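Colleague: how would this look folded up:
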Amino acid sequence: MISKTLLVVGTALMLFGWSPAIAQTRAAVKACAKDIQTQCGKVQPGGGAMKECMQAHFKDFSQRCQAAIQQTQAVMKGCAGDIKQHCAGVKPGGTRIERCLQTHLTGLSNGCKAAISGTAASGKS
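Modeller: Predicted coordinates for the structure are as follows:
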């Protein structure tokens, strides 16, 4: 049951606009699994229903989940161009995009570096 929940949550976050290949998304899945299951567990994925449910209930999610989602959004926004430039040929999944970004760390934009470092800092609480 737990792996089914994680699969649904991961799929929901992808539908919400986040890449499953970024470490921050894994943190968001972990932080949000219970919230998404509670608020949207009865929603059948497909046709944007899960995304709509998550957006409608975002304010009902725990602070930890909200923070994880917001951080994931910041990284995706800050690094979108860098991923396209440096990692376009990298197949998503298995932390491959994350490793690609780390390989190109010195060539990343300041916005991407700031987003990544913000994530690293918040993960060391």
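
Colleague: Under the pLDDT cut-off, which ranges of the protein? List them.
Modeller: Under the criterion pLDDT under 70, the flagged ranges of the chain are 1-26, 93-94, 119-125.

Colleague: Determine the longest helix present in it.
Modeller: Using DSSP state H, we find that the single longest helix of the chain is helix 63-87.

Colleague: Flag every buried residue along that one.
Modeller: Using 16 or more other Cβ atoms under 10 Å as the test for burial, helix 63-87 gives 65-66, 68-69, 71-76, 78-79, 82-83, 86-87. Glycine gets a C-beta too; all of them are placed from N, C-alpha and C.

Colleague: do the same with stretch 104-114
Modeller: The neighbour-count check on stretch 104-114 (16+ other Cβ under 10 Å) flags 108, 111-113 as buried.

Colleague: Could you tell me which of those are located in helices?
Modeller: Using DSSP H, 111-113 are the members of these that sit in helices.

Colleague: so can I have JSON lines of the buried residues of stretch 104-114 showing distance to residue 39?
Modeller: Shown next, in JSON lines, are the buried residues of stretch 104-114 (distance: Cβ to Cβ, whole Å):
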{"residue": "108", "distance to residue 39": "35"}
{"residue": "111", "distance to residue 39": "31"}
{"residue": "112", "distance to residue 39": "31"}
{"residue": "113", "distance to residue 39": "34"}
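
Colleague: how about the residues you listed, which pair is most distant?
Modeller: The two members of these with the most space between them (Cβ to Cβ) are 108 and 111, at 8.6 Å.

Colleague: Show me the common contact partners of these two, please.
Modeller: By Cβ atoms under 8 Å, 6 or more residues apart in numbering, residue 108 and residue 111 have these common neighbours: residue 79.

Colleague: related to what we said a few turns ago, show me which of the ones in helices among the buried residues of stretch 104-114 is closest to residue 33.
Modeller: residue 112 (26.9 Å).

Colleague: Look up how far residue 98 lies from that closest one.
Modeller: 12 Å (Cβ to Cβ, to the nearest Å).

Colleague: quick one: residue 34 from residue 87, how far?
Modeller: Going from residue 34 to residue 87 by Cβ to Cβ gives 31 Å.
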